[in-house]
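Student: sequence below, structure please.
(one chain, ligands or ions: 1)
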Amino acid sequence: MMASVEFLLAYKGLVVGACLLLLFAGERLLPAAPPPEPGPGEPPGGFRRLARNGGLWLINLGLSPLIVVPVSAWAAANSLGFRPDWWSGWPGLVLDVVLLDLLIYWWHRFNHELPFLWRFHQVHHLDRFLDSSSALRFHFGEVLLSAVARAAVIVVLGIPLLSVLVFETLLLCATIFHHSNLRLAPGLECRLAKVVITPSIHWVHHHAIRSDTDSNYGTLFSVWDPLFRSRSATARRPDMKIGVEGRAERSLPQLLLQPFRRRSLRPLTAN
Ligand SMILES: [Zn+2]
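Tutor: Alright, predicted model coming up:
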């Protein structure tokens, strides 16, 4: 088991990096939606947007080995000990991944429903286009808060570090995939959507209409939204407006300060 943990610790970044490179190239060769027109005074090519998303990612990349990984490792080593014998091996690993995905579903939903959490999560949603770089765009406050929430579940359920690492690798690859602008054959996407969250499902979550933004919360498995009645009936369109209803994109320094501003930024109108 320790050999698997060491293997994943060593190669997790490589697997996620390869996934990112593959989808970043794929969505440029086979885009599902045309890139947005550059904003006033912005150079073409969306470089300013990529720099914004990349800047937020670099901060999180620095925080991960310093805070996020140690918090998860501490939680896995200090569990409350509740774990029956049958909850082990491969079946145990699969059950852990499903449970952690269920936690992420509710965590994501709380990020929309609780104004304090939305302050941080809105930074991710203010992106006015989606591609694999959107999967890297999270405010560091959201990353830290979610690490604490995940640690609490790991402590209570006694989830081992191997399961946490497998889940985090799957989660990062799934997040890059469902934000990507890769055009998939409709038949393939339809079949995939029965099991996992695909770009068609997640793009609706970024539609700049509040009722759609507050739906489709799933990250890895697509079962949770139908089960908890949060699946939107809206179908993805290539010209779908992306962002937060009634709000504009911000510069990188403004995005970093956004959660700490006095005014909460819920969308202006509710449907
Ligand atoms: Zn969201």
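Student: excluding its backbone neighbours, what's nearest His112?
Tutor: Closest residue in space to His112, ignoring its immediate chain neighbours: Asp214 at 5.2 Å, by Cβ to Cβ, 6 or more residues apart in numbering. In this view, the C-beta of every residue, glycine as well, is placed from N, C-alpha and C.
Student: tally of neighbours for the one you found?
Tutor: Number of residues near Asp214 (other Cβ atoms under 10 Å) recorded here: 18.
Student: okay, it: pLDDT?
Tutor: Per-residue pLDDT puts Asp214 at 95.
Student: just give me the residue right at the centre of the chain.
Tutor: Note on the chain: the residue nearest the mean C-alpha position is Thr175, at 4.7 Å, using Cα atoms, centre = their mean.
Student: tell me the contacts of the residue lying farthest from the centre of the chain?
Tutor: Most distant residue from the mean C-alpha position of the chain: Asp85, 32.3 Å away (Cα atoms, centre = their mean). Applying Cβ atoms under 8 Å, 6 or more residues apart in numbering to Asp85 gives no contacts.
Student: doesn't it fall inside a helix?
Tutor: No: counting by DSSP: H, G, I helix; E, B strand; the rest coil, Asp85 is not part of a helix but coil.
Student: helix/strand/coil for Pro70?
Tutor: Under three-state DSSP, Pro70 falls in the helix class.
Student: state the distance from it to Ser64.
Tutor: Noted for Pro70: a distance of 10 Å to Ser64, by Cβ to Cβ, to the nearest Å.
Student: and those two? Which one has more around it.
Tutor: Taking neighbours as other Cβ under 10 Å, Pro70 and Ser64 compare with Ser64 leading, 16 against 13.
Student: three-state assignment of that one?
Tutor: Counting by three-state DSSP, the backbone at Ser64 sits in helix.
Student: ends of stretch 211-224, what's the gap?
Tutor: 18 Å (Cα to Cα, to the nearest Å).
Student: what's in contact with it?
Tutor: Under the contact criterion Cβ under 8 Å, 6+ apart, stretch 211-224 has outside partners 97-98, 101-102, 104-105, 108-109, 112-113, 125, 170-171, 174-175, 178, 193-198, 201-202, 204-207, 225, 230-232, 234, 244-245, 267, 270-271.
Student: for ChimeraX, what selects the buried ones among those?
Tutor: The ChimeraX selection below is limited to those of the contacts of stretch 211-224 classed as buried (16 or more other Cβ atoms under 10 Å):
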select :97,101,102,104,105,108,109,112,125,170,171,174,175,178,193,196,197,198,201,202,204,205,206,207,225,230,231,232,234,244,245,267
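Student: take the contacts of stretch 211-224 and keep only those in helices.
Tutor: Using DSSP state H, the subset of those located in helices is 97-98, 101-102, 104-105, 108-109, 112-113, 125, 170-171, 174-175, 178, 193, 201-202, 204-205, 225.
Student: where's the residue nearest to Asp101 when sequence neighbours are not counted relative to Leu103, distance?
Tutor: Spatial nearest neighbour of Asp101, excluding adjacent residues (Cβ to Cβ, 6+ apart): Leu220 at 4.4 Å. For Leu220, the distance to Leu103 equals 11 Å [Cβ to Cβ].
Student: what sits against His108?
Tutor: Contacts of His108 (Cβ under 8 Å, 6+ apart): His121, Tyr217, Thr219.
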